[in-house]
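Quick one, structure for this:
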Amino acid sequence: MKTQDIFQDILSKKRVPLLLNYAPYQSMIKYGQSNKMKDISNEIKSLIEVEKKHILEVNTLHKEKSRITANVLYISNELNSQNNLSMEKRLEEQRLRMEEVREEIKNREDEIQDIIMEKEEKNLELLKETIDYAYEYMKKDEAELKKVLEEIEVLRQKLKVDREKRDKLEKRVNSIYGFLHAMVGAKDTEKLDEEFLSK
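Got it, this is the predicted structure:
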């Protein structure tokens, strides 16, 4: 199975979170990332900023739409109950502004949907690049890890041999001192130590 087919198969089974907000991704990239991963991440961050800006604009437009609706109700009441014909012009202005606001809301919401789709595409592109990068470095790291583990095993074996040698030497030294203390006593052993070991 080709990499692209495997990738598509994975995507068909799993919902991909936004990698920039995904803790395991954040943890992994602390150890490194490719320049392409950085570039795609920056593109996604820019899209997120534009999306936030548009969402704020849509919220502001919805508030304006609510104010216009309240004004239209007030003006309509003035026209119907008070027969205030001077309000017709204001009503028409409010109606026109309401159409503009609705159009602006629709346009911004369409732009937000486009941004969401583009963000998802960039996120998938980042995922693919991350998988390629991860496996490239995993192969290198596993080869290096194998080498390090082999070196550690050699050092363990050397340490085992050195410990056995140390134990044997300590036993021999203790045995010699035991013999000397028993034969000549502690004071004479000290004299012999000074004579033979201080040279």
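
Give me the residue at the spatial middle of the chain.
Centroid check for the chain by CA atoms, centre = their mean gives Gln26 as the closest residue, at 1.2 Å.

Give the closest residue to that residue in space, chain neighbours not counted.
Setting aside the residues directly before and after it, Gln26 is nearest to Leu20 in space (CB to CB, 6 or more residues apart in numbering), at 7.9 Å. C-beta: built from backbone N, CA, C; applies to glycine.

Over to Val184?
Leu192 (7.0 Å).

so the closest residue in space to Tyr137 that isn't next to it in sequence, which of the three states?
Spatial nearest neighbour of Tyr137, chain neighbours left out: Gly32 (7.1 Å); criterion: CB to CB, 6+ apart. Recorded secondary structure, Gly32: coil (DSSP: H, G, I helix; E, B strand; the rest coil).

Need phi/psi at Gly32.
phi 140, psi 160 (degrees, to the nearest 10).

cool, and Val16?
Dihedral angles for Val16 - degrees, to the nearest 10 - are phi -90, psi 120.

Could I get the contacting residues of it?
Applying CB atoms under 8 Å, 6 or more residues apart in numbering, we find Val16 in contact with Asn123, Leu124, Leu127.

could those be laid out in TSV, adding pLDDT?
Shown next, in TSV, are the contacts of Val16 (pLDDT from 0 to 100):
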residue	pLDDT
Asn123	94
Leu124	91
Leu127	92
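
which ones among the residues you listed are found in helices?
Per DSSP state H, helices hold the following members of the contacts of Val16: Asn123, Leu124, Leu127.

So what's the residue count around the second one?
By other CB atoms under 10 Å, 15 other residues sit near Leu124.

Tell me how far Gln113 lies from Leu73.
Applying CB to CB, to the nearest Å, the value for Gln113 to Leu73 is 31 Å.

Count the residues that sit near the residue nearest to Val184.
Number of residues near Leu192 (other CB under 10 Å) recorded here: 12.

quick one: Ser76 from Lys160, how far?
In terms of CB to CB, Ser76 sits 96 Å off from Lys160.

That should have said Gln94, apologies.
To Lys160, Gln94 is 91 Å away according to CB to CB.

ok, the two, which is more surrounded?
Gln94 (21 against 10).

Now do the contacts for the more buried one.
Contacts of Gln94 (CB under 8 Å, 6+ apart): Ile68, Asn71, Val72, Ile75.

What helix or strand is it located in?
Per DSSP states H and E, Gln94 falls inside helix 87-184.

C-terminal to that helix, what's the next element?
helix 186-197.

What residues of that next one count as buried?
Within helix 186-197, the residues that count as buried by 16 or more other CB atoms under 10 Å are Thr189.

looking just at contacts, which helices and strands does it meet?
With contacts taken as 3 or more CB pairs under 8 Å, 6 or more residues apart in numbering; DSSP states H and E, helix 186-197 sits against helix 87-184.

sorry, back to before: helix or strand: which one has the residue nearest to the centre of the chain?
Gln26 belongs to helix 23-29, assigned by DSSP H and E.

May I see the buried residues of that helix?
Tyr25, Met28, Ile29.
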